[in-house]
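Student: Quick one, structure for this:
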Amino acid sequence: MPSGRKASAPPTVRAAPAHIPPVRTFPAARKPGPAVVIAALALLLGGCEYTYDDGRNQPGPVEAEATRVPGPVFTRDPLQNDPVSEADVAAWVARTLPDTGEQALHAGAGLVAAGEVRTETTPELGTGTYALALACRSQRRVTFTVRSESLTLVDLGLRCGVNRENVIYLSAKTALSIRVEARTGANYAYRLRRL
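Tutor: Numbers count the residues shown, from 1 in each chain. From the prediction side, this is the model:
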């Protein structure tokens, strides 16, 4: 059956063409010859391994070595820093602060209880340079403070098990006050000699 339409599609209205920017054309790119060659050489050389002859792979009879069991690994003994009794202090001082052959002007050693403060005074010392050796034996640090009449010359929290020697210069005659303090029980020792 025929329809009443005279045209099958409505007429199209064409718009004016939009402004299209001109297309730029570039000359053909150069071949990446040198860059490819350099990259290939870098990859090839990067995969190389330097080898040298250390005598491991030499042909000949192989001598079998006996398998050795490694020796025991000794760890630090925590009881090594426990303080010794008052009777054993002299032997501990002899091991810890060995005799240097020079005369000690003043020396002291002993046992301090936890929280105890011990103060000792040297005889009057003349002007000059002195060496003060310090040592302690405890699970914690021991504090040594050495003062003249007007100055603090040494203020040190010493880790026990390590000896320390300090050089002191006295510009006038003075007596030194040596103060030892520990948070836990500790042995202490010091020796003062003239340099």
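Student: Give me the nearest residue to residue 82, chain neighbours excluded.
Tutor: By the measure of C-beta to C-beta, 6 or more residues apart in numbering, the closest residue to residue 82 outside its immediate chain neighbours is residue 139, 6.9 Å from it. In this view, the C-beta of every residue, glycine as well, is placed from N, C-alpha and C.
Student: Which pLDDT does the model give that neighbour?
Tutor: Residue 139 is assigned a predicted lDDT (pLDDT) of 89.
Student: Likewise for the one 5 residues further on?
Tutor: Reading off the per-residue confidence, residue 144 sits at a pLDDT of 96.
Student: does it count as helix, strand or coil?
Tutor: When classified by DSSP: H, G, I helix; E, B strand; the rest coil, residue 144 comes out as strand.
Student: and what of residue 87?
Tutor: At residue 87 the chain is in helix, as set by three-state DSSP.
Student: Distance-wise, check residue 36 relative to residue 120.
Tutor: As judged by C-beta to C-beta, to the nearest Å, residue 36 and residue 120 stand 84 Å apart.
Student: List the buried residues of the host helix or strand of residue 153.
Tutor: Assessed by DSSP states H and E, residue 153 sits inside strand 152-158. Across strand 152-158, burial judged by 16 or more other C-beta atoms under 10 Å covers 153-154, 158.
Student: One more: stretch 118-126?
Tutor: Neighbour-count burial for stretch 118-126 flags 122, 125 (criterion: 16+ other C-beta under 10 Å).
Student: Any idea how far apart the tips of that stretch sit?
Tutor: Its first and final residues considered, stretch 118-126 spans 24 Å by C-alpha to C-alpha, to the nearest Å.
Student: Likewise for stretch 154-166?
Tutor: End-to-end span of stretch 154-166 (C-alpha to C-alpha): 8 Å.
Student: Give the rounded mean pLDDT of that stretch.
Tutor: Rounded mean pLDDT across stretch 154-166 is 90.
Student: Other residues contacting it?
Tutor: Contact partners of stretch 154-166, identified using C-beta atoms under 8 Å, 6 or more residues apart in numbering, comprise 80-81, 96-97, 131-146, 153, 168, 186.
Student: Report the helix or strand with the lowest average pLDDT across this protein.
Tutor: Scoring the helices and strands of the chain by mean pLDDT, DSSP states H and E places helix 33-46 at the bottom, with a mean of 77.
Student: Any buried residues in the helix or strand immediately after it in the chain, and which?
Tutor: Downstream of helix 33-46, the next assigned helix or strand under DSSP H and E is helix 89-96. Using 16+ other C-beta under 10 Å as the test for burial, helix 89-96 gives 89, 92-93, 96.
Student: Neighbouring strands - and their directions - for whichever helix or strand comes after helix 89-96?
Tutor: Remark: after helix 89-96, the chain's next helix or strand is strand 104-112, criterion DSSP H and E. Sheet pairing for strand 104-112, assigned by DSSP bridges, gives strand 186-194 (antiparallel).
Student: tell me the contacts of the residue nearest to residue 82?
Tutor: Neighbours of residue 139 in contact, by C-beta under 8 Å, 6+ apart: 78, 81-82, 160, 184.
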